[in-house]
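Undergrad: This is the structure alone, sequence omitted:
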């Protein structure tokens, strides 16, 4: 238990906010709610890694950490919620999460995985609806940058999740579509962030580093077309992109907070 608590504190620190945070401003709330999108996909990616026997010790640790942090973030957002609309969105997340977390605690079952992955997509959609509602409430241009950069974190894990599913031969049209759509959206969003007039020199340099690693990752994505999968490489590179995008999201959060002050 002590090790789990320590891991949660470290992970929360890396994500750029305290545990728990009950006095969030709008910029922090967009970042935190955006992290929930990412955590939903990181949990499923880790679950699939366990099922496919890929770095299972690391995957189990990631899964435990992500589940604990999802719970804490949800509680903090519930305490933040400034409008009935945001509260309603969060209540929907809570309802799906109450069901989904039980499945994550069970041993992966390949015969039932497609239905479980669909439930995970519903959780992602509900989490995204929360981010959109908070960004609408904040109503400032820089909120879009926090939202998009935060979404890149999620997409890194969604890509890895779909890749692991295909590696485990969970080969459905939905999985392949999710994989290709996520890659396309990540690329488009990265270009949009790079073109933003609000970027500081620090943000520009960080985005360049992500761009370089993204180009490397794409060579691994193409290998599956010939039936050659590199799940360990993809899990490591997408994890690295996640943390780089997390740092950038925090930078955008600070830009937004400064413009609002």
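TA: Thanks, I have the structure now. If you're wondering where the values come from, they're calculated on a predicted model, not measured in any experiment.

Undergrad: what kind of secondary structure is the nearest residue to residue 172 once chain neighbours are set aside in?
TA: In space, not counting the residues next to it along the chain, residue 172 is nearest to residue 114; the distance is 6.1 Å by C-beta to C-beta, 6 or more residues apart in numbering. Every residue, glycine included, has its C-beta placed from N, CA and C. Here residue 114 is recorded as helix under DSSP: H, G, I helix; E, B strand; the rest coil.

Undergrad: Could you report the pLDDT at residue 114?
TA: pLDDT for residue 114: 95.

Undergrad: same deal with residue 15?
TA: The model's pLDDT for residue 15 equals 51.

Undergrad: same for the strand or helix carrying residue 34, what does it pack against?
TA: Take DSSP states H and E as the rule and residue 34 turns out to sit in helix 26-51. Packing contacts for helix 26-51, counted by 3 or more C-beta pairs under 8 Å, 6 or more residues apart in numbering; DSSP states H and E, involve helix 56-80, helix 84-104, helix 113-138, helix 142-167, helix 231-260.

Undergrad: Reformat these as CSV; add mean neighbour count and distance to residue 196.
TA: Output for these, formatted as CSV (neighbours: other C-beta atoms under 10 Å; distance: least, C-beta to C-beta, whole Å):
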stretch, mean neighbour count, distance to residue 196
helix 56-80, 19, 26
helix 84-104, 16, 26
helix 113-138, 19, 16
helix 142-167, 25, 6
helix 231-260, 20, 9
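
Undergrad: so can I have JSON lines of the ones you listed showing distance to residue 41?
TA: Converted to JSON lines, these look like this (distance: least, C-beta to C-beta, whole Å):
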{"stretch": "helix 56-80", "distance to residue 41": "9"}
{"stretch": "helix 84-104", "distance to residue 41": "12"}
{"stretch": "helix 113-138", "distance to residue 41": "6"}
{"stretch": "helix 142-167", "distance to residue 41": "4"}
{"stretch": "helix 231-260", "distance to residue 41": "10"}
